[in-house]
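S.K.: Sequence and predicted structure are below.
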Amino acid sequence: MKFGLILVLILLTGSIAAHFLQVHNGYVLINFHGYTVEMSVPVLIFVTFLAYLAVRSLIRIWRAPRELGEMAARARAQRASQRITKGFIALSEGKLARGERLLTKGAADSETPLLNYLTAARAAQAQGDRQRRDGWLKMAQDSDSDTTNAVLLTQAELQIAAGEYPAARKNLAQIRDSQPNHPQALKLLGELLHIEHDWHALTDLLPQLRRAKNIPARTLDDWTIESFQAELAAPNLDLDSIDAYWNQLPRALRKHERLLRARIQALVASNNNELAATAICRTLKTDWDNELVAIYGKLKLAEKNGQLRQTEKWLNQYPEDPVILLAAGRVCVRNELWGKARSYIESSLAIAATPAAYQELGQLMLKLDETAAATTAFAKGLTLSTVGSPHIPRLENTGP
C-alpha cells in the first residue's frame, strides 16, 4: 500500500513538472452560478492536492477521539492482563488476598471478567469470607447474563465445601428446573446427597448419574453400595420392597458381599428366614463369609434338623473355625441337644474367646440350672466386651 502511494506521488509530481516545462501548460475555466474561476492546469492540480490534504486532515480530526479511546482501551486491557497474570501467580503462591485484589481490580477491563470474579469468589471463601464470596459471584452474574448456570454451579460447589447444604440444594434445583439432566448439576447433587446421607434421594438419582457419565465408575459403585445397604436396613420392609430394591441394582453389584449381606439381613428382619437361609447357602457355595455363617446360626428355621446338618457339613470342611462351631452350638440349643451344644460352644471359646460365645454359654448354663457356671460365663463375656473402654470398669474373672 505504501508503494502504491509513493508511485502516485511520483506520477503527480512528474505531471506537474511536465506542465511547467511546457510553453503552453493548459488553461482551466470554471463557471458556476455566475462565478468564474480561471487557472492553469498545474494550479488546479495543486489546489486539488491541497483540498485532498484538508479533507484527510478533517477526517483524522473527526476520528481522533475514537482512535484515542481505542488506544486508551488497549492500554487498559494490557494493564488488566498484566494484573490478572500477577493475580493468578499470587494465588498459586498462596497469597490469596493479593491474588483476589489483583483479579478483581483488572476484571472490568478483562476479556474474561466472569473467570476473574469466579476465581476471586473461590479465593474469598478460602479466606473464610462468605459475604465477599457471594459479592463476587453476584458481579460474575452481572458481567454476563448468559452465564447463570456457571455462576450457580460455582456457588453450589463452594456452598457444599462450606457446609451450606440447603443453599446448595436450592441453587442446584434452580439449574435442574430448566436442565434436569445437566451433568455437572447432577454430579454436585450426588456429592451433596452422599455427604448428607440422604440415601433414599441418592438411590433415586443413581440412574441419572450413571447416564451422565461424568463420575468415576468406582465412585458410583461405592455410592450405590452405601445407598442400597442403607435402604435395605430400613425398618418395616416387606418382601416386595426388598425385591424391588434388589432389582434396581446393576447386575454386577448383586454379588457384592456387603449388598448380599444387607439383603439377607433385610430378609431376616422381615421374618423371611427360609429365604434368608437359602440365600446364605447359595452365597457360601462360592464366597465364604463368616458373618453369613453367624447369621445362619441365629436363624429360627422350621427344619431344625436340616439346619444342623448344614452347619455340621460346613464344620466338616472347616473343623477348627470358631464361627462355625458357635453357629453349630446355637443350632444344637434350638434342637435341645444340650451336651452337643456345650461341646461346640466351649470348642469355639477354646479357639477364639468372644463375648458372643460366652453369652451363648451363659444362656445354655442357665437352661441346665448351672447358675454358677452361667455367672462365670457372663462375667468373662462382659470383661471381654469392655476391654479398652475408659468408661466401663473391667470385671475381674470369677471363674477358674
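M.R.: Sure, I can see it.
S.K.: residue ranges with poor pLDDT in the stretch 301-400 of the chain?
M.R.: Applying pLDDT under 70 to the stretch 301-400 of the chain flags residues 387-400.
S.K.: any chance you could map the helices in it?
M.R.: 304-317, 322-334, 338-351, 355-367, 371-386 (DSSP state H, counting those that start in this stretch).
S.K.: For K138, find the nearest of the ones you listed.
M.R.: Among the helices of the stretch 301-400 of the chain, the nearest to K138 by CB to CB is helix 371-386 (56.8 Å). All C-beta spots, glycine's among them, are computed from the backbone N, C-alpha and C.
S.K.: Next, the angle from the closest one to helix 338-351.
M.R.: 30 degrees (axes from the mean of the first three to the mean of the last three CA atoms, to 10 degrees).
S.K.: deepest of the helices of the stretch 301-400 of the chain, which one?
M.R.: helix 322-334 (a mean of 24; mean count of other CB atoms under 10 Å).
S.K.: Which neighbouring elements make contact with that helix?
M.R.: Applying 3 or more CB pairs under 8 Å, 6 or more residues apart in numbering; DSSP states H and E, one finds that helix 322-334 makes contact with helix 290-298, helix 304-317, helix 338-351, helix 355-367.
S.K.: Go again with 6 Å.
M.R.: helix 290-298, helix 304-317, helix 338-351 (3 or more CB pairs under 6 Å, 6 or more residues apart in numbering; DSSP states H and E).
S.K.: Looking at the helices of the stretch 301-400 of the chain, which is nearest to Q208?
M.R.: Of the helices of the stretch 301-400 of the chain, nearest to Q208 by CB to CB is helix 322-334, at 41.1 Å.
S.K.: Now that closest one - C-alpha only, CSV.
M.R.: In CSV, the C-alpha atoms belonging to helix 322-334 read as follows (Å, rounded to 0.1, in the frame of the first residue of the first chain):
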residue,chain,number,x,y,z
PRO,A,322,-14.8,-70.8,65.8
VAL,A,323,-17.6,-69.1,64.0
ILE,A,324,-19.0,-72.3,62.6
LEU,A,325,-18.6,-74.0,66.0
LEU,A,326,-20.6,-71.3,67.7
ALA,A,327,-23.2,-71.5,64.9
ALA,A,328,-23.5,-75.2,65.4
GLY,A,329,-23.8,-74.7,69.2
ARG,A,330,-26.7,-72.3,68.7
VAL,A,331,-28.5,-74.7,66.3
CYS,A,332,-28.0,-77.6,68.8
VAL,A,333,-29.6,-75.4,71.6
ARG,A,334,-32.7,-75.0,69.4
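S.K.: residues making contact with it?
M.R.: With contacts defined as CB atoms under 6 Å, 6 or more residues apart in numbering, helix 322-334 is touched by 290, 293-294, 297, 304, 307-308, 311, 314-315, 318, 340-341, 344-345, 347-348, 351-352, 357.
S.K.: do the same with stretch 182-197
M.R.: 153, 156, 160, 165, 168, 172, 175-176, 201-202, 208-209, 212, 214-215, 223.
S.K.: so what's the backbone phi/psi at E303?
M.R.: Dihedral angles of E303 (phi, psi; degrees, to the nearest 10) stand at phi -90, psi 80.
S.K.: which non-adjacent residue is nearest A327?
M.R.: Nearest non-adjacent residue to A327, counting by CB to CB, 6 or more residues apart in numbering: G297, 2.7 Å away.
S.K.: For L361, give its distance to T354.
M.R.: L361 sits at a distance of 11 Å from T354 (criterion: CB to CB, to the nearest Å).
S.K.: ugh, wrong one, I meant G128
M.R.: 49 Å.
S.K.: and the two? which has more neighbours close in?
M.R.: The neighbour comparison of G128 against T354 (other CB atoms under 10 Å) goes to T354, with 17 against 9.
S.K.: which one is the more buried one nearest to, not counting chain neighbours?
M.R.: L384 (6.8 Å).
S.K.: was I right about that neighbour contacting P355?
M.R.: Yes. At 4.8 Å, L384 counts as touching P355 under the criterion of CB atoms under 6 Å.
S.K.: secondary structure element for W223?
M.R.: helix 217-232 (DSSP states H and E).
S.K.: In this structure, where is pLDDT below threshold?
M.R.: 1-34, 37-47, 49-51, 53-54, 57, 60, 63-85, 87-88, 106-109, 387-400.
S.K.: and if we set it to 90?
M.R.: Residue ranges of the chain with pLDDT under 90: 1-130, 133-134, 136-148, 252, 255, 286-287, 302-304, 384-400.
S.K.: show me where it has strands.
M.R.: Ranges of strands in the chain, per DSSP state E, are 28-32, 35-39.
S.K.: circling back: quick one: residues contacting the residue nearest to A327.
M.R.: A327, R330, V331.
S.K.: Export those residues as TSV, with columns for distance to A262.
M.R.: Shown next, in TSV, are these (distance: CB to CB, whole Å):
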residue	distance to A262
A327	20
R330	22
V331	23
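S.K.: any idea which of the residues you listed is closest to N236?
M.R.: Using CB to CB, those come closest to N236 at R330, 26.3 Å.
S.K.: gap between that closest one and P207?
M.R.: On the measure of CB to CB, R330 and P207 end up 41 Å apart.
S.K.: likewise A377?
M.R.: Counting by CB to CB - A377 and P207 are separated by 51 Å.
S.K.: Same check on L299?
M.R.: 34 Å.
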